[in-house]
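**Q** Dropping the sequence and predicted coords here.
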There are 2 protein chains.
Amino acid sequence: MALNETLLALLREILGERLSVGQADRDHHAQSESFHRAPPPDAVVWPESAEQVAEVLRACSDAGVPVVPWGTGTSLEGHALASRGGVTVDMSRMDRVLEIRAEDMLAVVQPGVTREALNTELRATGLFFPVDPGANASLGGMASTRASGTTAVRYGTMRDNVLGLQVVLADGRIIRTGTRAAKSSAGYDLTGLFVGSEGTLGIITELTLRLHGQPEEVAAAVCAFDSLDHAVECVTATIASGIPMARIEFVDADTARAFNMHSGAALPEAPHLMIEFHGSTGAVREDAERFGEIARDFGARGFDWATTAEDRARLWRMRHGAYHATFVLRPGATGVVTDVCVPMSHLPAAVHAAAEDIAAEGMIGPIVGHVGDGNFHALLLVDPNDADEVAKAKRIAARMAERALAVGGTISGEHGIGIGKRGLMAAEHGEGWQVMGAIKAALDPGNILNPGKLVPDRN
Amino acid sequence: MALNETLLALLREILGERLSVGQADRDHHAQSESFHRAPPPDAVVWPESAEQVAEVLRACSDAGVPVVPWGTGTSLEGHALASRGGVTVDMSRMDRVLEIRAEDMLAVVQPGVTREALNTELRATGLFFPVDPGANASLGGMASTRASGTTAVRYGTMRDNVLGLQVVLADGRIIRTGTRAAKSSAGYDLTGLFVGSEGTLGIITELTLRLHGQPEEVAAAVCAFDSLDHAVECVTATIASGIPMARIEFVDADTARAFNMHSGAALPEAPHLMIEFHGSTGAVREDAERFGEIARDFGARGFDWATTAEDRARLWRMRHGAYHATFVLRPGATGVVTDVCVPMSHLPAAVHAAAEDIAAEGMIGPIVGHVGDGNFHALLLVDPNDADEVAKAKRIAARMAERALAVGGTISGEHGIGIGKRGLMAAEHGEGWQVMGAIKAALDPGNILNPGKLVPDRN
């Protein structure tokens, strides 16, 4: 059902000035960092409390109008697009760090706090929040997509770093999940259920996050390889050796070229690994030496150690900018981004097959990856107005997904499902996808929470 | 509904000789390691495949008869008791290790495999499965209760070490959850939902488990303290220092006395910590030295290092035997076991308050704990035939739970809910408990899967 005047008046009563039906606000919330497109929402609201979110949800439930939560709009699968119209709930005004308990290594934040804002507040405590998807995403959004990124190989994903949530359900009930204890066996893991549910089961209004101690020593480096295969085989050998990596990232020759063109880097146009070690001074030195030996066995060259914090910041800024940098390889293009994750032993073959497929199709599709988890992305650069080309990129992406599933992998390591990967869910989960639908139907019988995403359509 | 002749005939068709209505078999499956009691099930079945489990569930669904999964019967909250009658499904014949993929650091097992059996099979691979609740429980049972134990401080709980499951739902559908990849963002975390669901949402028929590399070096020790407070404060200081502990266990003076009487130990009758370090030779030496310095600040004495594998095995066998050993302090007694878990900074006060309450009530209640997680147990020794005493123990347990909840902790760190802690669920979860009930109703509309446990009763 579309937004009518009665609902609009009710929402205005709840939110006053923090409601807009202006074209600019609605268009802003129809943007997506990827090629996914949808019409703008009918209205945008900026609530300032869980109670207001609850009132919005009760009103929209009664009216049967879709509600789409919005963090920073940096997701890559169209999660936050109002593809069935309705009200976008922009959480950016709920951006307070509510509590930092250093002695319990946890922080309580509102969902609009970004990961960089949290880490800025944590600087003096000796602690940090490690999950780092690159974009300065909101923590509510990161929880909703079960985000991870470069540091998951050491610190885990949002699944591992969210201790508890406050969530508003479709009917306006406000619940709390999880506790502040390190572990619990008290019933179903509702925290784990809401993390990764992409706004389809409830709207997150508060998060309790696990913090980690800043390492005594950090060392980072970049090195080049003669071939993609050698670089990726070096990763599997490193992981198998048990060296505790804080980050181990792969970028291919195209990406290195893009860094040179876009970021003024001077890398050889070859596949690279970017690595980082965290620990005591002695341990970091030992780990770096052991990695160096393994890497040289695979022909690594041009080791460039980032010895200062500034050098490291520059290195990871470059890596995090890969998505935007690669557009320099084809100005005006947009990206179809793949996100498979495979068991470690299958990683070299999976990356190799993807590169061959992309080359055979004559497409520009640089490959980067959080390879310590077996997760990698191809950024297939397409002309958004060329339907054939977009279709070809989607076919390449589908073949990557098929190959990943054939070896026990997943269609999405970290970006989530949203609109973009929904067509692959049945292939990964079989009847389990229907179970997800049954859970959705139980918690959101009116199907108002981010409808058309993640779960199967209702019959 | 009770078991009738029609259903019995149907089950006999499915299972042949692997069905029993004999009193001895039924009584065996009415046993519990704790004070919880229930009448025996109407029948016991021993399926040998997921397909047989599915046939049993379809038959029992059609008849509306309860189904209770059984692992090794070592749970402490009456999870596997057929408190509403019906059929107990004993998984002990599904005890094969199906696959070990050392290069992907995972194993695929049937649910009846015990943790010790798996680790015996893994010995030659250089890998091990770390979760260690003490009892040689089945891995299906450990997943169902989200078990943890002494090593969770380093390796996590079953939540962190189950990558995927095969589950049979109430209606007989067989689903697979999770993948073999290190992480996934592909939809709701069904694996996490079934782990800890105590057989109320489905019956686990296969598990994919995360393995870990055997550490290069292991060092373990026990040391004594002058007071309970000093021992526990030493734990919080150690955890805060960031020293990576593989195990850090507390036992109080009563438990030390029980070890001396039951296991022939010669410990001072004082509070102790038992600790273990895993890592490279250099790192373990460094960690042990740093711990020694902290411990001596809290007055630790009588450091006894277990230098050989046999010494370490003896040490941890003694710790794991604590539950049984403490009965020597009151022969003929049974145990009411508490299981709270609190944020680290609240641990000293929580243990202190529990000890004071137990002493004030004049009860024998030794305290042990996986204190690196903030989790500890009082083993309240009661005469099972003295209703007043049992009630008193339950009141002490309830007060421990209340105090844990007041500081953001949980009523169960690792034992789960079962029958025993169901009365505390509303206090911990509020409206979230109803959400658990809604999920249960969606996946098991006939309420045949382990009814009367964990979730609220249906209206």
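**A** Looks like it came in fine.
**Q** ranges for the strands of the stretch 201-350 of chain A?
**A** A:203-210, A:212-213, A:217-224, A:247-251, A:272-279, A:301-306, A:334-337 (DSSP state E, counting those that start in this stretch).
**Q** which one of these lies closest to chain B?
**A** Comparing the strands of the stretch 201-350 of chain A against chain B with Cβ to the nearest Cβ, the closest turns out to be strand A:212-213 (4.7 Å). For every residue, glycine as well, the C-beta is placed using N, CA and C.
**Q** so how far is that closest one from its chain's centroid?
**A** 21 Å (Cα atoms, centre = their mean, to the nearest Å).
**Q** Just list what that strand packs against, helices and strands only.
**A** Applying 3 or more Cβ pairs under 8 Å, 6 or more residues apart in numbering or on different chains; DSSP states H and E, we find strand A:212-213 packed against strand A:127-128.
**Q** Report the strands that pair with the strand it packs on, each with its relative direction.
**A** strand A:212-213 (antiparallel) (DSSP bridges).
**Q** Figure out which of the strands of the stretch 201-350 of chain A is closest to A:Phe128.
**A** Smallest distance to A:Phe128 across the strands of the stretch 201-350 of chain A (Cβ to Cβ): 6.1 Å, for strand A:212-213.
**Q** which residues are contacting the closest one?
**A** In this structure, residues lying in contact with strand A:212-213 by Cβ atoms under 8 Å, 6 or more residues apart in numbering or on different chains are A:Met105, A:Gly126, A:Leu127, A:Phe128, A:Phe129, A:Pro130, A:Tyr155, B:Gly242.
**Q** Going by distance to A:Asp171, which of those wins?
**A** Distance to A:Asp171, by Cβ to Cβ, is smallest for A:Phe129 among the contacts of strand A:212-213, at 31.6 Å.
**Q** How many neighbouring residues does the closest one have?
**A** Using other Cβ atoms under 10 Å in any protein chain shown, A:Phe129 has 24 other residues around it.
**Q** OK, contacts around it?
**A** The neighbourhood of A:Phe129, defined by Cβ under 8 Å, 6+ apart, consists of A:Ala107, A:Arg115, A:Leu118, A:Asn119, A:Leu122, A:Leu139, A:Asn161, A:Leu209, A:Leu211, A:His212.
**Q** so what's the second one scoring on pLDDT?
**A** When you say that, I think you mean A:Arg115. Note on A:Arg115: pLDDT of 97.
**Q** that older thread, out of the contacts of A:Phe129, who's nearest A:Glu55?
**A** A:Leu139 (23.0 Å).
**Q** tell me the contacts of that closest one?
**A** Applying Cβ under 8 Å, 6+ apart to A:Leu139 gives the contacts A:Val109, A:Pro111, A:Val113, A:Thr114, A:Arg115, A:Leu118, A:Phe129, A:Leu207, A:Leu209.
**Q** Among the residues you listed, name the buried ones.
**A** For those, a burial check counting by 16 or more other Cβ atoms under 10 Å in any protein chain shown picks out A:Val109, A:Pro111, A:Val113, A:Thr114, A:Arg115, A:Leu118, A:Phe129, A:Leu207, A:Leu209.
**Q** which residues touch the third one?
**A** It stands for A:Val113. Here A:Val113 is in contact with A:Asp95, A:Arg96, A:Val97, A:Ser138, A:Leu139 (Cβ under 8 Å, 6+ apart).
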